[in-house]
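A.B. asks: coordinates only, sequence not included:
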């Protein structure tokens, strides 16, 4: 870490993934913020259901499951545990956790730990809150209407304007995030588009899913969304490795970069299609099966959190289908 002025993409890359960076720590992101994976095992069960469906569409008893930005393997652990109950009994799953941090102690030995996604996989590639942590440049429009890169100082997060935005970054802004006038800001999502296109290209057949905070072209926030998180609290974004650095994702741009077969919906809509609605159990169950009613009520509460308006339910789900014929052996 240094006190030099750098663009936000370079500064965040070092702060998150460099030596001693936020995502290199053994504590992991779960110690700092709550995702859908940590909110309820129902989320992993829904992903397990989606994996079973994907295997059925591929007509294979052996399917790959890739978790991009796997944290400490919480999602994969939950999916593997949920598979028998979700119709996955007899399904052979090759599970890959893609994460830069070291493999956690005691992780299920069925989970392969990798720094980069495997290539040519057939099955489900799932990226939960991964794209928002792909570092991107930040731009601000100066008083003369010129869009300039924002530079940041590592030590305290102070900012100043740098050179005008040019080349592919300028083209991206014109297409996906036009300036709202002097003082407005934008996160240039081109690196995320490229990261998502590469992730989709890793599939030889199946489904790629990205789940994240997001916004569309017609509703971009005029001052951007860059922020930090530490110990469960939102904090100023300082690229010193002490906090998470995140900004919402232009999922529509990622969808265009990923190729045909893309669809965007809310998490609320996606989970309902996977059998999670948050509806309370019938009151009559309290009389016939009190213990069952309590369990069902608790489950409904967890489902409600995952699908809540103004909360996790507003996350975007980008799904990208990759068509490929089944192999003759079905493997």
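C.D. replies: Perfect, I can see it now. Note that this is a predicted model, so its numbers are computed, not measured. Numbering: from 1, shown residues only.

A.B. asks: give me the number of residues near residue 200?
C.D. replies: Residue 200 has 22 neighbours, counted by other C-beta atoms under 10 Å. For the C-beta atoms, the positions are set from N, CA and C on the backbone; glycine is no exception.

A.B. asks: hmm, residue 322 and it touching each other?
C.D. replies: Yes - in this structure residue 200 lies within contact range of residue 322 using C-beta atoms under 8 Å: 6.6 Å.

A.B. asks: between those two, what contacts are shared?
C.D. replies: Shared contacts of residue 200 and residue 322, defined by C-beta atoms under 8 Å, 6 or more residues apart in numbering, comprise residue 208.

A.B. asks: what's the burial count for residue 21?
C.D. replies: With other C-beta under 10 Å as criterion, residue 21 counts 21.

A.B. asks: for the protein, name the helix or strand with the lowest mean pLDDT.
C.D. replies: helix 284-288 (a mean of 63; mean pLDDT, DSSP states H and E).

A.B. asks: geometrically speaking, which residue is the centre of this structure?
C.D. replies: residue 129 (2.2 Å; C-alpha atoms, centre = their mean).

A.B. asks: find me the pLDDT at that residue, would you?
C.D. replies: Note for residue 129: predicted pLDDT of 93.

A.B. asks: again with the one 10 residues further on
C.D. replies: Per-residue confidence (pLDDT) for residue 139: 98.

A.B. asks: phi, psi for it please.
C.D. replies: phi -120, psi 150 (degrees, to the nearest 10).

A.B. asks: contact partners for it?
C.D. replies: Residue 139 touches 147-150, 165, 169, 173, 185-188, counting by C-beta under 8 Å, 6+ apart.

A.B. asks: ditto for residue 77
C.D. replies: Contacts of residue 77 (C-beta under 8 Å, 6+ apart): 44, 107-108, 111.

A.B. asks: rerun that using 10 Å as the cut-off
C.D. replies: Residues counted as contacts of residue 77 (C-beta atoms under 10 Å, 6 or more residues apart in numbering) are 37, 41, 44, 67, 70, 95, 97, 104, 107-108, 110-111.

A.B. asks: got the buried residues for whichever helix or strand it is part of?
C.D. replies: Using DSSP states H and E, residue 77 sits in helix 74-82. For helix 74-82, burial by neighbour count (16 or more other C-beta atoms under 10 Å) applies to 74-80, 82.

A.B. asks: and if you look at stretch 190-207?
C.D. replies: Here stretch 190-207 shows 190-193, 195-196, 199-200, 202-203, 205-207 as buried, counting by 16+ other C-beta under 10 Å.

A.B. asks: ok, stretch 8-23 next?
C.D. replies: For stretch 8-23, a neighbour-count test (16+ other C-beta under 10 Å) marks 8-9, 11-18, 21-23 as buried.

A.B. asks: again with stretch 171-188
C.D. replies: 172-173, 176-177, 179, 184-188.

A.B. asks: pull up the distance across it, start to finish.
C.D. replies: 10 Å (C-alpha to C-alpha, to the nearest Å).

A.B. asks: likewise stretch 180-187?
C.D. replies: End-to-end for stretch 180-187, by C-alpha to C-alpha: 13 Å.
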